[in-house]
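*Asks:* Quick one, structure for this:
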Amino acid sequence: MTSNNSFAMREKRSSVAAILLMLLCAACLCLGQLIWKLMPGYNLIYIFGGFAIYAFGAVSMILAYRYGELSVLQPINSISYVFSTILAVLVLHEKVPPVTIAGIVLIVSGVIVIGVNSR
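*Replies:* Here you go, the predicted model:
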């Protein structure tokens with residue numbers, strides 16, 4: 001294996017790791033917000049629990065930016081809209097109108113196109 005191939009493989013692994021970190025970030029942001037939504041009154045455990053998960057997501061975002069390209073990672077963070085809708089349906093039993101489902105399909109399609117076409 002040449003050093004160019006080795007470098008390309010390391011770069012590809014870094015890009016995949018950055019994308020996975022950004023997806024983790026999106027999931028943490030949504031979970032933190034869900035905890036705040038479910039909070040009974042102003043319960044400090046819920047507030048700090050939500051902040052802790054939210055902070056973990058922020059740290060994963062910072063790490064993602066270190067290993068990936070902003071032009072790829074920031075659009076991938078839009079998957080948080082999809083995660084939020086899924087949580088709203090599963091946990092809060094919200095109804096999702098067809099136009100929202102169409103939007104989710106567009107978001108997921110865009111994330112796939114960007115993720116597949118990244119280095």
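
*Asks:* following the lowest-mean-pLDDT helix or strand in the chain, which helix or strand comes up?
*Replies:* The helix or strand of the chain with the poorest confidence is helix 3-38; it has a mean of 83 (mean pLDDT, DSSP states H and E). Per DSSP states H and E, the first helix or strand lying C-terminal to helix 3-38 is helix 44-67.

*Asks:* Centre of the chain to that next one, how far?
*Replies:* Here helix 44-67 is found 11 Å from its chain centre; the criterion is CA atoms, centre = their mean, to the nearest Å.

*Asks:* go on, stretch 15-35?
*Replies:* 3 Å.

*Asks:* With only the CA atoms kept, save it in CSV.
*Replies:* These are the backbone C-alpha positions of stretch 15-35, laid out as CSV (Å, rounded to 0.1, in the frame of the first residue of the first chain):
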residue,chain,number,x,y,z
SER,A,15,-14.6,12.1,7.5
VAL,A,16,-16.8,9.1,8.5
ALA,A,17,-16.0,9.7,12.2
ALA,A,18,-16.9,13.4,11.9
ILE,A,19,-20.2,12.5,10.3
LEU,A,20,-21.0,10.0,13.1
LEU,A,21,-20.0,12.6,15.7
MET,A,22,-22.4,15.1,14.1
LEU,A,23,-25.2,12.6,14.1
LEU,A,24,-24.5,12.0,17.8
CYS,A,25,-24.6,15.7,18.3
ALA,A,26,-28.0,16.0,16.7
ALA,A,27,-29.4,13.1,18.8
CYS,A,28,-28.1,14.7,22.0
LEU,A,29,-29.5,18.1,21.2
CYS,A,30,-32.9,16.5,20.6
LEU,A,31,-32.8,14.4,23.7
GLY,A,32,-31.8,17.4,25.8
GLN,A,33,-34.7,19.4,24.4
LEU,A,34,-37.1,16.5,25.0
ILE,A,35,-36.1,16.3,28.6
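
*Asks:* neighbouring contacts of it?
*Replies:* When contacts are defined by CB atoms under 8 Å, 6 or more residues apart in numbering, stretch 15-35 is touched by residues 46, 49-54, 56-58, 60-61, 63-69, 72-73, 76-77, 79-80, 83-84, 87, 91, 115, 118-119. All C-beta spots, glycine's among them, are computed from the backbone N, C-alpha and C.
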